[in-house]
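Chemist: how would this look folded up:
(chains A and B)
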Amino acid sequence: MTMRRFFAGLILGLALLASGSAFAVKPDEMLSDPALEARARSLSAGLRCMVCQNQSIDESDADLARDLRVLVRDRLKAGDSDKQVIDYVVSRYGEFVLLKPRLEWRNALLWGAPVLLLLIGGAFMLRSARRPKAKEMAGLSADEKARLDAILKRD
Amino acid sequence: MVEIGHFALVLAFALALIQTIVPLVGARIGSDRMMAVAAPTAITGFALTALSFAALMVAYAGSDFSVVNVWENSHSLQPMIYKLTGTWGNHEGSMLLWVLILAFFGALVAAFGANLPASLKANVLAVQGSIGVAFLLFILTTSNPFTRLIPAPVEGRDLNPILQDLGLAVHPPMLYLGYVGFSICFSFSVAALIDGRIDAAWARWVRPWTLVAWIFLTGGIAMGSYWAYYELGWGGFWFWDPVENASFMPWLAGTALLHSAIVMEKRSALKIWTLLLAILTFSLSLLGTFLVRSGVLTSVHAFATDPSRGVFILCILLFFIGGSLALFALRASSLTAGGLFQPISREGALVLNNLFLTTAAATVLIGTLYPLALEAVTGSKISVGEPFFNLTFGPLMVPLLLLVPFGPLLAWKRGDLFAAAQRLMAAFGAALLAALVTLFLIDGGSALAAFGAGLAVWLILGAATDLAMKSGFGSVAFPIMLRRFIGLPRSVFGTALAHAGLGVTLIGMVGTLNFGEEHILTMKPQQTVEVAGRTVRFDGIQPMKGPNFNEDRANFQLVNAGGQVTGTINSSKRFYPARQMPTTEAGIKTIGFSQLYIALGDESADGSVVARIWWKPLVTLIWLGGLVMMVGGAVSLADRRLRVGAPARRKSKPAAVASAS
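Modeler: Predicted coordinates for the structure are as follows:
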């Protein structure tokens, strides 16, 4: 069962068509070299299954995901580095396959926003934290003093 | 009955219109009689919506396939519980549940808000009514659950098999109670803006409502996470799916609101910010509704081809968010800011909390919407998935969690950071120890795992430290300390529990993500595999028959060294003929706080099966932590009842007050 179908069913209440069976990585795809297989798994977790929504090829049971998993493993067996594998997959399928968008200008807002918001919020916070201090230091206004005197005299 | 339900819904819409217009005008011109219209219409409107919902439920219970909605989402052979929960297991029904809960919260304010200032109450109910108007109109025009089908089919098309689960009975109602619960905070904020003033009564009212919504939203999210975990069959507990994010953003903002509302109530500071946050929190709820309901997530193009529902909700969204923010921009300056405080103080700590939580909410928001926006603007498609959120959301949470134990230990107005740090020395030492133990004594302990474990212990013991210090630990004799401990205000316990709950959840995450095992293999009958020091034996597959499905059930046995069976795990693959749809049911065995989790893959003719077996250490703590947070919230809420100036609580539970006083 794909995640998308689950969530669609869960909240949308739409019945999306069923496709394929149980789960992702199958024993026959796995590489015999455990170090290479571990690299394949971690690379797969960062690559998107293009016919699914927001699901990595490591998790997806779609045929296309399987093809990509096999492709990743073939490249690794051929001796590619992690970066070479990713570049190769991106060259064939586009940036859409990356679950972690690259640090590029068009993604500047995406990556920059958390830092920017924290800085703006922090600056704003500091500014408003200083302000009352100044007010407090100023003591009572003439009007307030007059009222205080009036109250004290009453007793 | 179906027509009665339909009619009741139309009436509820008409009443909501009256509830919006008459009290609003009444508050404007100062007419008590017009303002008094609000409460009875809100209560009657709720009764009518409830009647409408009940009518739909009756149609589902009786498998009335002359109703399109029932025909599309039910089957006569389904167990009764799934027939009933199927009422909200579809778009139309779940929107009706949404409106029902909206009307419910409005009715609560109407029933228990007798001592609210009249104009505030009228305005609150009018705003609440206007949200009802919008969504009732949405249901009646685009998503009517009562549409008839003539001639009626003999059999229904079955509820989506994935939803035929107890999770559906609990998750959506809880989630909506949280989501929609924030509507009250929104209505209070907009009402305050219309009135042009906020006073102490306002804050006292808003905080318990925020707390109620927060408790349910916490439960709804935790429940949804567990449901996805066991239903999806690959053992993840959070996927950063846009649909999940849609519920998580209001939670983050709502948590911030909860904290800033404390500052506002106790110290009457941060008024304007709290008001804005209340508006933003419900705006995020509305945005979530839009994202989930419009189909925009599946694809921008799908949205463009059938836009009627999506555009309608988008209009609702723009009207309420835009309208409230415009009102805020116009009126906020006329509200007076209150209480002063030093940067190092309880208030200061809560402001920091707000800074990190709102930044986190904004980060999730941007991550969720960025691909949609980029595609709409430039046409190029990118994906934003788990790795992005882990890299951005994670670092935002670390400083926040590190600071959590300090907050309650700082005094209002002017705190002593050094004294607080001194008091936390023991907790810090224990956290350091936990980190070192994780790093050096547990197999596979990485630096990240060690840090996570330390942080979790820091949170839990930090919460305990707060309780100990407030009961006078170390300065008074034990019996006095015990008496003081019992006498602590409930909200202090609530805070400690909620903060400790975070730590509990964190332990679960650290355990599962770092110390789990995964085995993917083809198993022949009688074959065994070692998982985390336990032997799992596959005993073959048996065909079984359920009420509305067939299944192949695989038997796995846990065997000890002597060959004796100590436990059974059943995983199965089901097929629902009505929808021609296969599902998998993971087999889960809970051992202590950990779980053994088995999902099935393809079977072969020789009786062997592909199995994916996980050992998930401490995984249940993830959701138990959520439960602890909920209990914390509930305990804190109980505190309100005993307090002067908590009108709703006192009115609703006169007996409790009488016995307490």
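Chemist: okay, CA-based contacts and neighbour counts for the rest of this
Modeler: Noted.
Chemist: tell me the pLDDT of the residue in chain B that chain A sits nearest to.
Modeler: Taking Cα to the nearest Cα as the measure, the point where chain B comes nearest chain A is residue B:90, at 3.7 Å. According to the prediction, residue B:90 has pLDDT 90.
Chemist: that one and residue A:88, how far apart?
Modeler: Separation of residue B:90 from residue A:88 (Cα to Cα, to the nearest Å): 42 Å.
Chemist: compare those two (neighbour count), which wins?
Modeler: Taking residue B:90 and residue A:88 together and counting by other Cα atoms under 10 Å in any protein chain shown, residue B:90 has the greater number of neighbours (26 against 16).
Chemist: residue B:40 - nearest residue in space that isn't next to it in sequence?
Modeler: Leaving aside its sequence neighbours, residue B:40 sits nearest to residue B:110 (Cα to Cα, 6 or more residues apart in numbering or on different chains; 7.4 Å).
Chemist: can you get me a residue count around that neighbour?
Modeler: Neighbour count of residue B:110, defined by other Cα under 10 Å: 22.
Chemist: on the three-state scheme, the most centrally placed residue in chain A is what?
Modeler: When Cα atoms, centre = their mean is applied to chain A, the residue found nearest the centroid is residue A:100 (7.1 Å). Residue A:100 falls in the coil class when you classify it by DSSP: H, G, I helix; E, B strand; the rest coil.
Chemist: my read: it touches residue B:391, true?
Modeler: No - because the distance of 9.2 Å does not satisfy Cα atoms under 8 Å, residue A:100 is recorded as not touching residue B:391.
Chemist: quick one on the thing from earlier: and the residue nearest to the residue nearest to the centre of chain A when sequence neighbours are not counted, how many neighbours does it have?
Modeler: With sequence-adjacent residues excluded and distances taken as Cα to Cα, 6+ apart, residue A:100 is closest to residue B:388, at 5.0 Å. For residue B:388, the neighbour count with other Cα under 10 Å is 22.
Chemist: one more: the one 10 residues further on?
Modeler: Summarising burial for residue B:398: neighbours were counted as other Cα under 10 Å, giving 14.
Chemist: picking up where we left off before, three-state assignment of the residue nearest to residue B:40?
Modeler: The local conformation at residue B:110, judged by three-state DSSP, is helix.
Chemist: and what of residue B:263?
Modeler: Applying three-state DSSP: residue B:263 is helix.
Chemist: check residue B:170 too.
Modeler: When the rule is three-state DSSP, residue B:170 gets the label helix.
Chemist: do residue B:412 as well
Modeler: coil.
Chemist: surely it and residue B:346 touch.
Modeler: Yes - under the contact definition of Cα under 8 Å, residue B:412 touches residue B:346, with a separation of 4.8 Å.
Chemist: okay, these two: which has more neighbours?
Modeler: residue B:346 (23 against 19).
Chemist: quick one: that one from residue B:83, how far?
Modeler: Taken as Cα to Cα, the span from residue B:346 to residue B:83 is 50 Å.
Chemist: try residue B:384
Modeler: The separation that residue B:384 has from residue B:83, given Cα to Cα, amounts to 37 Å.
Chemist: residue B:573 too?
Modeler: Counting by Cα to Cα, the separation of residue B:573 from residue B:83 is 22 Å.
Chemist: quick one, which of these two is more surrounded?
Modeler: In this view residue B:573 and residue B:83 are compared by other Cα under 10 Å, and residue B:83 has more residues nearby, 27 against 21.
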